[in-house]
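K.L.:
Generate coordinates for the sequence data below:
(chains A, B, C and D)
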There are 2 protein chains.
Amino acid sequence: MSGAGADRVFHALADTTRRDIVALVVQGEHSVSDLARRYPMSFAAVQKHVAVLERAGLVSKHRLGREQRVRGEVGTVREAHRVLDQIEALWQGRLGRIEDLVTSPPIPDSKGDTS
Amino acid sequence: MSGAGADRVFHALADTTRRDIVALVVQGEHSVSDLARRYPMSFAAVQKHVAVLERAGLVSKHRLGREQRVRGEVGTVREAHRVLDQIEALWQGRLGRIEDLVTSPPIPDSKGDTS
DNA sequence: CCTTTCTACAACCATACGGTTGTACGTTAG
DNA sequence: CTAACGTACAACCGTATGGTTGTAGAAAGG
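P.N.:
Residues are numbered from 1 along each chain as shown, chains lettered A, B, ... in the order given. Predicted coordinates for the structure are as follows:
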């Protein structure tokens, strides 16, 4: 995940209601109206929040009868995790140079920095 | 950090330019115009991005002569990290402890029993 | 002095966001 | 069939966002 994908994930997480929904549905599935009953806003508003989370890949939906069960996708949470890890890795290597961590450039690149 | 604080941090991270700025300034300080030269937008636009990051606590500024050096605040990155950790912890514990939480799971038997 | 550089901030604009209400459709219950 | 429930989506509204340009001040250099 990078670029627009990370944009979508972090934007989806930048709302207390949406973070709360994710925290709920990673513990177990809930229908959309089940979620809507928990928040002081209209059903359509909660529906939009779920749609934002779904576009970001943080939740998925699947029909069960006339309900739509929402499930949390913890893998996408971990991808956001990884983006923050990269930043922290840059911070740790700020005095020397960037080590061969899980960051994007897998090329050893024998460039000979000070020669 | 919670609520509005987390909102601000995740919103600040929900932009590729801003994440890139954070990745730069955690490695070392940069002046605002130094940053502005790196992106295909106006100085004022970059200035606004830095302001968003500063309000979120992801960077700090301090004057050095006529320049304003921007420094990354990795502690705030770690706080965002922690929010994601909490969500993942909920996911890991989803099967074990369904006992005393406020999750209000639908009672499997006697559906009309709820008073 | 005057000029340049770096910064700050206001005004403006197009678009997106977060919320609302209303309408419509499929599914289950009577 | 009819009614109720769960969902989906469109239209609308106020505000925020991300960008622009322009103006203005403070610090360094000629």
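K.L.:
all contacts plus neighbour counts: C-alpha atoms, from now on.
P.N.:
OK.
K.L.:
List the buried residues for stretch A:20-32?
P.N.:
Applying a neighbour-count criterion of 16 or more other C-alpha atoms under 10 Å in any protein chain shown, one finds A:21, A:22, A:23, A:24, A:25, A:26, A:27, A:28, A:29, A:30, A:31, A:32 buried in stretch A:20-32.
K.L.:
Repeat that for stretch A:44-62.
P.N.:
A:46, A:49-54, A:56-61.
K.L.:
As a check, name the ranges of all helices in chain A.
P.N.:
Using DSSP state H, the helices assigned to chain A run over residues A:4-13, A:16-25, A:32-36, A:43-55, A:74-92.
K.L.:
Mind putting the ones you listed into a markdown table with distance to DNA strand C?
P.N.:
Below are those laid out as a markdown table (distance: least, C-alpha to the nearest atom of the strand, whole Å):
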| stretch | distance to DNA strand C |
| --- | --- |
| helix A:4-13 | 7 |
| helix A:16-25 | 7 |
| helix A:32-36 | 10 |
| helix A:43-55 | 4 |
| helix A:74-92 | 18 |
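K.L.:
Spell out which residues of chain A are next to chain B.
P.N.:
A:3-4, A:6-11, A:13-16, A:22-24, A:26-28, A:74, A:77-78, A:81, A:84, A:87-88, A:90-91, A:93-95 (C-alpha under 8 Å from any C-alpha of the partner chain).
K.L.:
now stretch A:16-36, how far from the centre of its chain.
P.N.:
14 Å (C-alpha atoms, centre = their mean, to the nearest Å).
K.L.:
got the contact list for it?
P.N.:
Here stretch A:16-36 makes contact (C-alpha atoms under 8 Å, 6 or more residues apart in numbering or on different chains) with A:12-13, A:39, A:42-43, A:46-47, A:49-50, A:53, A:58-59, A:67-74, B:3-4, B:6-7, B:87-88, B:90-91, B:93-95, B:103.
K.L.:
and these, which are buried?
P.N.:
Looks like the contacts of stretch A:16-36 have A:12-13, A:43, A:46, A:49-50, A:53, A:58-59, A:68-74, B:6-7, B:87-88, B:90-91 buried, using 16+ other C-alpha under 10 Å.
K.L.:
which of those are close to DNA strand D?
P.N.:
Counting by C-alpha under 7 Å from any atom of the strand, A:43, A:68, A:69 from the buried ones among the contacts of stretch A:16-36 sit close to DNA strand D.
K.L.:
list the contacts for the second one?
P.N.:
Yep, that's residue A:68 we're talking about. With C-alpha under 8 Å, 6+ apart, residue A:68 has these contacts: A:31, A:32, A:61, A:62.
K.L.:
circling back: of the ones next to DNA strand D among the buried ones among the contacts of stretch A:16-36, just say which sits nearest to DNA strand D.
P.N.:
residue A:68 (3.6 Å; C-alpha to the nearest atom of the strand).
K.L.:
And that closest one, how far from DNA strand C?
P.N.:
Using C-alpha to the nearest atom of the strand, to the nearest Å, residue A:68 is found at 10 Å from DNA strand C.
K.L.:
Kindly reformat the ones next to DNA strand D among the buried ones among the contacts of stretch A:16-36 as JSON lines containing pLDDT.
P.N.:
Converted to JSON lines, these look like this (pLDDT from 0 to 100):
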{"residue": "A:43", "pLDDT": "98"}
{"residue": "A:68", "pLDDT": "95"}
{"residue": "A:69", "pLDDT": "97"}
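K.L.:
give the contact list for residue A:46.
P.N.:
A:32, A:35, A:36, A:39.
K.L.:
pLDDT weak spots in chain A?
P.N.:
A:95-115 (pLDDT under 70).
K.L.:
hang on, the earlier thing: filter the contacts of residue A:46 down to the ones close to DNA strand D.
P.N.:
residue A:32.
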